[in-house]
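>>> My questions concern the predicted model and sequence given below.
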Amino acid sequence: MHKLGQTRSANRRDHLLLTPDTFVRTLLPCVERGAVVVHVSPASGAGFTQYTADLDPGGVLNAVSAQRFVYVLAGDVDVVADSEIHKLEPGGYAYVPAGVDGRVKARTAARLTVIEKHYEPLAGVEQPVLFIGEEARVESSALNGDEDLQVRTLLPDDLQFDFAVNTMSYRPGSSLSQVEIHVMEHGLLMLEGGGIYRLGDSWYPVTAGDFIWMAPYCPQWFGALGKTAAKYLIYKNWNRHPLG
Ligand code: UGY
Ligand code: MN
């Protein structure tokens, strides 16, 4: 039954909440044998793109001119770059620098979250090189000493990188200790569980599968609800002066 035009999705000046009922699949020239849902892009006011790519077995995500971060949500893929093959399973991820011909080939049907950003060079600092990781092997740390809120920093903490991607895991009932308002923007994919997200002056129920974009200075706060942990993957621009 249709929902008479109702949805939890919202499009506001400083944030987007996009729930799966409003996702529309499209094709991109860099995708062979697959389809994507583009969640954010410069067209929505973001300084990056983030999309979900569904690849058929044998499907390929070809390189683009921008640097790219790929995190495997489901299925098995090969990252082929610098004439080496890196096998990734769910929770595996790859950072492919701008200008590197890094392709992602699906060995099975696969779902990826893909983040792309034009690299902002920094004088005297070299561009990062290809980086492959596995979330489960990254040590977590308590955010501001709160053991119930664990952060995993997926990319090296290094000035070379102009963005960061972290996972944040909340025990049921835990929350951010403050309303954050900051210059960085965020792309956020809910991976597990759910709760209440404050975005701007609105409070939204959110659950696994939802996508959120927060513009710079968007007031933000999250509290985990329910009996299972809540977890999200979060992007932010990082390590660069606001004047460029
Ligand atoms: O890294 C962050 O700014 C993070 N704490 N923000 C958030 O979870 N909304
Ligand atoms: Mn934040």
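That came in fine, so what should we check first? Everything numeric in this text was worked out from a predicted model, so none of it was measured. Numbers count the residues shown, from 1 in each chain. Ligands and ions are numbered 1, 2, ... in the order given.
>>> tell me which parts of the chain are close to ligand 1?
Those residues of the chain that sit near ligand 1, judged by Cβ under 6 Å from any ligand atom, are Met168, Leu176, Glu180, His186, Gln220, Phe222, Ile234, Lys236. Using the backbone N, CA and C atoms, a C-beta is placed for each residue, glycine as well.
>>> Gln220 and Leu4, how far apart?
30 Å (Cβ to Cβ, to the nearest Å).
>>> More neighbours: these two, which one.
Gln220 (21 against 5; other Cβ atoms under 10 Å).
>>> show me what contacts Ala110?
Asp54, Leu55, Gly59, Val72, Ala74, Gly75, Asp76, Val77 (Cβ atoms under 8 Å, 6 or more residues apart in numbering).
>>> out of these, which are buried?
Asp54, Leu55, Gly59, Val72, Gly75, Asp76, Val77 (16 or more other Cβ atoms under 10 Å).
>>> Same list (those) but as JSON lines, adding secondary structure, pLDDT and distance to His118.
Putting these into JSON lines (DSSP: H, G, I helix; E, B strand; the rest coil; pLDDT from 0 to 100; distance: Cβ to Cβ, whole Å) gives the following:
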{"residue": "Asp54", "secondary structure": "strand", "pLDDT": "98", "distance to His118": "25"}
{"residue": "Leu55", "secondary structure": "strand", "pLDDT": "98", "distance to His118": "24"}
{"residue": "Gly59", "secondary structure": "strand", "pLDDT": "98", "distance to His118": "25"}
{"residue": "Val72", "secondary structure": "strand", "pLDDT": "99", "distance to His118": "24"}
{"residue": "Gly75", "secondary structure": "coil", "pLDDT": "98", "distance to His118": "28"}
{"residue": "Asp76", "secondary structure": "coil", "pLDDT": "98", "distance to His118": "30"}
{"residue": "Val77", "secondary structure": "strand", "pLDDT": "98", "distance to His118": "24"}
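>>> Taking the residues you listed together, which two end up most distant?
The two members of these with the most space between them (Cβ to Cβ) are Asp54 and Asp76, at 14.0 Å.
>>> from what I can see Val77 touches Arg103, true?
No - with contacts counted by Cβ atoms under 8 Å, Val77 stays clear of Arg103, the gap being 9.8 Å.
>>> right, and Val72 touches Gly92 too?
Yes - counting by Cβ under 8 Å, Val72 does reach Gly92; the two are 4.9 Å apart.
>>> ok, the residues of the chain next to ligand 1 vs ligand 1, which is closest?
Of all those, ligand 1 sits closest to Gln220, with 4.4 Å by Cβ to the nearest ligand atom.
>>> Return the set of residues that bridge with that closest one.
Glu180, Leu199 (DSSP bridges).
>>> which among the buried ones among the contacts of Ala110 gets closest to ligand 1?
Val72 (21.8 Å).
>>> Any idea how many residues pack against Lys87?
Neighbours around Lys87, by other Cβ under 10 Å: 11.
>>> where's Val38 relative to ligand 1, distance?
21 Å (Cβ to the nearest ligand atom, to the nearest Å).
>>> now that residue, which residues is it bridged with?
Tyr51.
>>> Model confidence for it, exactly?
Val38 is assigned a predicted lDDT (pLDDT) of 98.
>>> tell me, how many neighbours does it end up with?
By other Cβ under 10 Å, the residues close to Val38 number 18.
>>> pretty sure it contacts Ala53?
No - judged on Cβ under 8 Å, Val38 makes no contact with Ala53 at a distance of 9.7 Å.
>>> Cool, thanks, talk later.
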